[in-house]
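J.: Provide a 3D model corresponding to the input given below.
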Amino acid sequence: MQPLIEHARSFREQSAERSEEFARLAQGQSPQVLFITCSDSRVVPALITGAKPGELFELRTAGNIVPPYASQQPTGEAATIEYAVEVLGVTDIVVCGHSHCGAVGALLRGDDLTAVPAVRDWLAHAAPRPEGTVEDPAVAEAVQNHVLTQLLRLRSYPCVEKRLADGRLRLRGWFYEVHTGTVLAHDARTDSFEAL
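T.: Residues are numbered from 1 along each chain as shown. Reported below is the predicted structural model:
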């Protein structure tokens, strides 16, 4: 923790050199992309995309799960999606899964999660269980199938459905390989994930 504290202390000094940039950020945000990804600490959206502050609106959940839309019981995830689409007017939503995902691996293997009931109940939102090879430590196929399921789930959100219908929004599925840094994108024409 101490290195993080030291960096936070020195950040203010570094920020003084970028005062104009930070002053612009204080005026508001206008990101073009909602980036939905896993809470995993190895996945850093700004590092992967090269985004600067204000360029990505992020939603991070265990297993990059998009819960089913239920207007009678709003969730923080639904509020974030709705705000990004309706208020910020993002033009793209990226759902980015990653290799070696513990959440998807647990689902694929059918791990006993009774010791972590909140995790177990959250992962129940991922249904159906992703298809893939249990023996693959990267769980690549399962994560890619899981990303496609989350993209379908997004389409059930009224704000997303409306913007997709009028052409103001695009959905993208990405897969980040933690061990190589490679990013693959889903190509609807071939129904496969290919290098960007």
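J.: all strands in this structure, in order from the N-terminus.
T.: In the chain, the strands defined using DSSP state E lie at 33-38, 56-61, 92-98, 170-176, 183-187, 192-195.
J.: Show me which positions of the shortest one end up buried.
T.: Going by neighbour count (16 or more other Cβ atoms under 10 Å), the buried part of strand 192-195 is residue 193. No exception for glycine: its C-beta is placed from N, CA and C like everyone else's.
J.: what lines up beside that strand in the sheet?
T.: Using DSSP bridges, the strands paired with strand 192-195 are strand 183-187 (antiparallel).
J.: Indicate which one of the strands of the chain is closest to residue 1.
T.: Among these, the nearest to residue 1 by Cβ to Cβ is strand 56-61 (20.2 Å).
J.: Check the separation of the first and last residues in stretch 118-133.
T.: 26 Å (Cα to Cα, to the nearest Å).
J.: now it: mean pLDDT?
T.: Mean pLDDT, computed over stretch 118-133, is 86.
J.: swap in stretch 65-81?
T.: 90.
J.: mind checking how far stretch 34-50 is from the chain centre?
T.: Computed by Cα atoms, centre = their mean, to the nearest Å, the chain-centroid distance of stretch 34-50 equals 7 Å.
J.: Nearest to residue 137, out of the strands of the chain?
T.: strand 92-98 (12.9 Å).
J.: The closest one to strand 33-38, inter-axis angle?
T.: Using axes from the mean of the first three to the mean of the last three Cα atoms, to 10 degrees, one finds that strand 92-98 and strand 33-38 are set 20 degrees apart in direction.
J.: what are the pairing partners of strand 92-98, and which direction each?
T.: Here strand 92-98 is paired, per DSSP bridges, with strand 33-38 (parallel), strand 170-176 (parallel).
J.: Give me the pLDDT for residue 137.
T.: 88.
J.: Against residue 142, how distant is the residue nearest to it when sequence neighbours are not counted?
T.: Among residues not flanking residue 137 along the chain, residue 100 sits closest, at 6.7 Å (Cβ to Cβ, 6 or more residues apart in numbering). For residue 100, the distance to residue 142 (Cβ to Cβ, to the nearest Å) stands at 11 Å.
J.: How about residue 168?
T.: In this structure, residue 168 and residue 142 are 32 Å apart, going by Cβ to Cβ.
J.: Looking at the two now, which is surrounded by more residues?
T.: More crowded of residue 168 and residue 142, by other Cβ atoms under 10 Å: residue 142, with 23 against 12.
J.: so that one makes contact with residue 132?
T.: Yes. Contact criterion Cβ atoms under 8 Å: residue 142 and residue 132 qualify, at 2.7 Å.
J.: Tell me the residues that contact both of the two, please.
T.: 104, 108 (Cβ atoms under 8 Å, 6 or more residues apart in numbering).
J.: Can you report how many residues neighbour residue 100?
T.: Neighbour tally, residue 100, other Cβ under 10 Å: 17.
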